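Peer 1: here is a sequence with its predicted model. Questions after.
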Amino acid sequence: MIYLNVGTFGHVDHGKSTLTRALTGKITDTHSEEIKRGITIRLGHADFIIYKKGDQYFLKPEKGAKPVKRVFIVDAPGHESLMATAISASSIVDGAILVIAANEPCPQPQTKEHLAVLQMLGIKNIVIVQTKIDAVTKEQALKNFRQIKEFVKGTVAENAPIIPVSSTYKINLEYILRELDKFQPVEKEFDYKPLAFTIRSFDVNKPGTPVKDMVGGVLGGSVITGEFKVGDEIEIKPGIPTENAYMPIYTKVVSLHLEGEPLEEAKKGGLIAFGTLLDPAIARSDALAGNIIGKKGTLPDPVRVVKMKFQFMKRDDIPEVPLKQGEPLLLNFFSVTTVGVINQLGKGIATVVLKKPIVPIHNKIAVSRRVGNRWRFVGIGEILF
């Protein structure tokens, strides 16, 4: 069976989490603050299996149907203020579901931004899901459909199928399964193997657990290339902040789990829980999210100063203003989010000093600029090694 990581992208309240629940039966907004505010703040995740019988698709094991794909949904937030988290999601996915609600004009602001992220990062496996068709008339749904077609014209999603869906009544979900079955895992090329990106970290011990019964910190993330085994000695970079720098962490993999199922080895696909010997306190509340995992002695050293050149996209809603010395930038490097300040400018190349270092395993970085009082995604930076 093939494993896929698929991200859900789209504007706030367009039904990403509701669609995920319809497909998986699970809620991705599982943190108290997310439930209280009704939005996804961290990357949520859940999974389901696609079953196929002839040309029919099912979410449950019907008689004669065989499992063909296990899909891990990474639910990215639609709020603009949480755009950095959405960009982090795009670093670990093989494809995307772009969710667009039928009861609002298309495009909405974060629909534009999320499609721009998919475009700039080269994600080509895309299916568009037109949600909330039960909340509009047939004429309104068709008008919105035409708006979607016009919106994606000339983009990476121009030829993506558009599937009208009611997540509430589970209408047309089988057509989503059909399209997802066409997706294939995307192999990302790196000079370093194995690699995993950390998007969550946990202390799984309940309050009051005796010290002798406590287990080490757990890292949640995706293997991007290569494989990890129980017993592997690993390094985690850039690590934890000290007074003047970041200190790499070295530990051992004592367990591997895929959605609660124990594994002896973890490969690409799915969201893996790495059990370690780390002090659980340093993994609490996603404190290690954004780190990169490799086998001990294999990862390059983190860097705090990088030279970059930029590829900015044209946007009607953001004025074209030249970069200036001293300007802060919000940078997303795979699952790492950091602020950088332009220290030098010259001939289209900027020297940027990073607040949090990155591990230079690749040369592309997502760039957001401050526009008014908000960060807005503007393009891609190329790191010059």
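Peer 2: Yep, it's here. Numbers count the residues shown, from 1 in each chain.

Peer 1: how many neighbours does the nearest residue to residue 377 once chain neighbours are set aside have?
Peer 2: Spatially, and ignoring its direct neighbours in sequence, residue 377 is nearest to residue 368 (4.9 Å; CB to CB, 6 or more residues apart in numbering). For every residue, glycine as well, the C-beta is placed using N, CA and C. A count of nearby residues for residue 368, using other CB atoms under 10 Å, gives 22.

Peer 1: check contacts around residue 368.
Peer 2: For residue 368, the set of contacting residues under the criterion of CB atoms under 8 Å, 6 or more residues apart in numbering consists of 83, 84, 329, 330, 331, 332, 375, 376, 377, 378.

Peer 1: how much space between it and residue 321?
Peer 2: Distance from residue 368 to residue 321, counting by CB to CB, to the nearest Å: 14 Å.

Peer 1: and what of residue 108?
Peer 2: Summarising the geometry, the distance separating residue 108 from residue 321, computed by CB to CB, is 24 Å.

Peer 1: which one of these two has more residues nearby?
Peer 2: residue 108 (19 against 10).

Peer 1: which residues sit in contact with that one?
Peer 2: Taking CB under 8 Å, 6+ apart as the definition of contact, the neighbours of residue 108 are 11, 14.

Peer 1: do residue 161 as well
Peer 2: Neighbouring residues of residue 161 by CB under 8 Å, 6+ apart: 127, 128, 175, 179.

Peer 1: do the same with residue 167
Peer 2: Residue 167 sits next to 15, 18, 19, 21, 22, 131, 132 when contact means CB under 8 Å, 6+ apart.

Peer 1: most neighbours, which of those residues?
Peer 2: Ranked by the number of neighbours (other CB under 10 Å), the contacts of residue 167 place residue 15 first, at 27 neighbours.

Peer 1: tell me how far residue 204 lies from residue 222.
Peer 2: 19 Å.

Peer 1: of these two, which one has the most company?
Peer 2: A direct count of neighbours by other CB under 10 Å for residue 204 and residue 222 places residue 222 higher, at 26 against 15.

Peer 1: partner strands of the host helix or strand of that one, parallel or antiparallel?
Peer 2: Counting by DSSP states H and E, the secondary-structure element that holds residue 222 is strand 218-225. Strand pairing for strand 218-225, using DSSP bridges, gives strand 195-202 (antiparallel), strand 272-276 (antiparallel).

Peer 1: tell me which of those strands lies nearest to residue 305.
Peer 2: Closest of the strands paired with strand 218-225 to residue 305 is strand 195-202, at 22.5 Å (criterion: CB to CB).

Peer 1: who wins for neighbours among the contacts of residue 161?
Peer 2: Neighbours were tallied for each of the contacts of residue 161 (criterion: other CB under 10 Å), and the maximum of 24 neighbours falls on residue 128.

Peer 1: all helices of the stretch 1-150 of the chain, in order?
Peer 2: When assigned using DSSP state H, counting those that start in this stretch, the helices of the stretch 1-150 of the chain occupy the ranges 16-24, 32-37, 83-90, 109-120, 138-152.

Peer 1: which is the next helix or strand following the last one?
Peer 2: Next along the chain after helix 138-152, taking DSSP H and E as the criterion, comes strand 162-164.

Peer 1: contacting residues around that next one?
Peer 2: Contacts of strand 162-164 with the rest of the structure, by CB under 8 Å, 6+ apart, involve 102, 127-130, 133, 141, 145, 148-149, 172, 175-176, 179.

Peer 1: before I go, just wanted to say thanks for your time.
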